[in-house]
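Colleague: My questions concern the predicted model and sequence given below.
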Amino acid sequence: MTVLRARGLGKSYRRRWALAGCALDIPAGHVTGLVGPNGAGKSTLLGLAAGMLAPTTGTIEVCGGVPGSGPAQLAKVGFVAQNSPVYPALTVEDHLRLGARLNPGWDAALARDRVERIGLDPGQRAGRLSGGQQAQLALTLGIAKRPELLLLDEPVAALDPLARREFLQDLMASVAEHGLSVVMSSHLVTDLERVCDHLIVLVDSQVRLTGEVEDLLASHHRLSGPRRDLGTLPGDQEVISVSHTERQTTLLVRTEGPILDPAWTVGRLGLEDLVLAYLRGPGAEAPRSLEVVR
Ligand SMILES: Nc1ncnc2c1ncn2[C@@H]1O[C@H](COP(=O)(O)OP(=O)(O)OP(=O)(O)O)[C@@H](O)[C@H]1O
């Protein structure tokens, strides 16, 4: 089942495209990591999925409906925007009450347990909480809503390392127990490596890479060997990044086929290597005829 489907999706502000030509199929019941440089369009994509923004071009379907199209659709989707929006004048307890009023699937026990575990004072006004505590409160509201899809925009950026790990564990538990689907943007690739089984890489408003992490890692290889002309590579090997020293060439290539050339030493990649290769972008030492990132 697909939890998010986009076709030709684009959003422009005046003449500038924040997101363009976006095609995505995100499967339900998984954690999908959304990565990309600052300004790549991650928040825009999440805003479109939440129904906070309207597309300029194309279509987006979330949990089988049009984002933001009515109460039933709103109940299915949780969204914690960047900078963890909370109501400064309301107390922690007020937020939980509001959550219960506004969300038909509200899990009051989960919300209370989480607030207690984090150590938030229920009587404290949200405006007086630290940045990390405000983030924890916003995330608690997102999880306790018990949505089908939870959209998180850099959710862990403000959390301390232990809180970050615990939050990600909570998230995984909700995915395993309740079949929750999550799409989360983050610059912390090591965190994504721990929890994500799907990946979207956005660069310059475009989806550069998307798929199941396991498949992506299996189809990308780091090749190192004596310096050589990239024109001699087999046609099925797409060069994602390249670096040369005087004597050596190191490539990151994408191919579904095996690497047969014995001159190459083939290294396995981690998610971080893969993401960095796509983020690095064009401009490395590739010949002009070869784009470094396609
Ligand atoms: N309300 C707006 N008005 C005009 N331009 C906007 C608006 N919101 C976003 N943009 C532009 O759209 C582009 C994509 O922004 P977006 O916030 O989606 O990026 P992002 O990938 O989430 O970045 P970051 O990692 O810095 O949060 C940027 O160039 C940004 O300047």
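Modeller: Here it is on my side, so go on.

Colleague: in the stretch 51-200 of the chain, which segments are predicted with low confidence?
Modeller: Within the stretch 51-200 of the chain, no stretch has pLDDT under 70.

Colleague: how about the strands of it, start to end?
Modeller: 57-62, 77-80, 149-153, 181-185, 198-203 (DSSP state E, counting those that start in this stretch).

Colleague: Let me see the residues that make contact with the second one.
Modeller: Under the criterion C-beta atoms under 8 Å, 6 or more residues apart in numbering, residues 46, 49-52, 62-63, 67, 138-139, 141-143, 145, 147-153, 155 lie in contact with strand 77-80. In this view, the C-beta of every residue, glycine as well, is placed from N, C-alpha and C.

Colleague: residues near the residue nearest to Leu159 when sequence neighbours are not counted, how many?
Modeller: Nearest residue to Leu159, sequence neighbours excluded (C-beta to C-beta, 6 or more residues apart in numbering): Gly132, at 5.3 Å. For Gly132, the neighbour count with other C-beta atoms under 10 Å is 17.

Colleague: wait, Gly132 sits on Val156?
Modeller: No: between Gly132 and Val156 there is no contact under C-beta atoms under 8 Å: 9.6 Å.

Colleague: Report the separation between Met1 and Leu139.
Modeller: 25 Å (C-beta to C-beta, to the nearest Å).

Colleague: Same check on Leu276?
Modeller: In terms of C-beta to C-beta, Leu276 sits 27 Å off from Leu139.

Colleague: before we move on, the earlier item: make CSV from the strands of the stretch 51-200 of the chain and add distance to the ligand to it.
Modeller: Listed next are those as CSV, based on distance: least, C-beta to the nearest ligand atom, whole Å:
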stretch, distance to the ligand
strand 57-62, 14
strand 77-80, 14
strand 149-153, 7
strand 181-185, 7
strand 198-203, 6
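
Colleague: which of those strands is buried the deepest?
Modeller: Across the strands of the stretch 51-200 of the chain, averaging neighbours per residue (mean count of other C-beta atoms under 10 Å) puts strand 181-185 on top, at a mean of 26.

Colleague: what about stretch 64-84, start to end distance?
Modeller: Distance across stretch 64-84, first residue to last, is 27 Å (C-alpha to C-alpha, to the nearest Å).

Colleague: wait, stretch 121-134
Modeller: 12 Å.

Colleague: Buried residues in it, which are they?
Modeller: Ala126, Leu129, Gly132, Gln133, Gln134 (16 or more other C-beta atoms under 10 Å).

Colleague: Mind telling me which residue of the stretch 51-200 of the chain is nearest the ligand?
Modeller: Residue nearest to the ligand within the stretch 51-200 of the chain: Gln82 (6.0 Å; C-beta to the nearest ligand atom).

Colleague: gap between that residue and Pro88?
Modeller: For Gln82 relative to Pro88 (C-beta to C-beta), the value is 17 Å.

Colleague: do the same with Leu24
Modeller: From Leu24 to Pro88 the distance is 35 Å (C-beta to C-beta).

Colleague: Please list the outside residues in contact with stretch 249-264.
Modeller: Contacts for stretch 249-264 (C-beta under 8 Å, 6+ apart): 219-228, 230, 233-234, 236-244, 266, 269, 273-274, 277.

Colleague: quick check, distance from it to the centre of its chain.
Modeller: 28 Å (C-alpha atoms, centre = their mean, to the nearest Å).

Colleague: Now do the buried residues in that stretch.
Modeller: Thr249, Thr250, Leu251, Leu252, Val253, Arg254, Thr255, Trp264.

Colleague: The first one - that's part of a strand, no?
Modeller: Yes: per DSSP: H, G, I helix; E, B strand; the rest coil, Thr249 lies within a strand segment.

Colleague: hey, what's it bridged with?
Modeller: With DSSP bridges as the criterion, Thr249 is bridged to Gly225, His244.

Colleague: now the longest helix seen in the chain against strand 181-185, angle please.
Modeller: Counting by DSSP state H, the longest helix found in the chain is helix 161-178. On the basis of axes from the mean of the first three to the mean of the last three C-alpha atoms, to 10 degrees, helix 161-178 is oriented at 150 degrees to strand 181-185.

Colleague: What residues of helix 161-178 count as buried?
Modeller: Residues of helix 161-178 classed as buried: Ala163, Arg164, Glu166, Phe167, Leu168, Asp170, Leu171, Ser174, Val175 (neighbour count, 16+ other C-beta under 10 Å).
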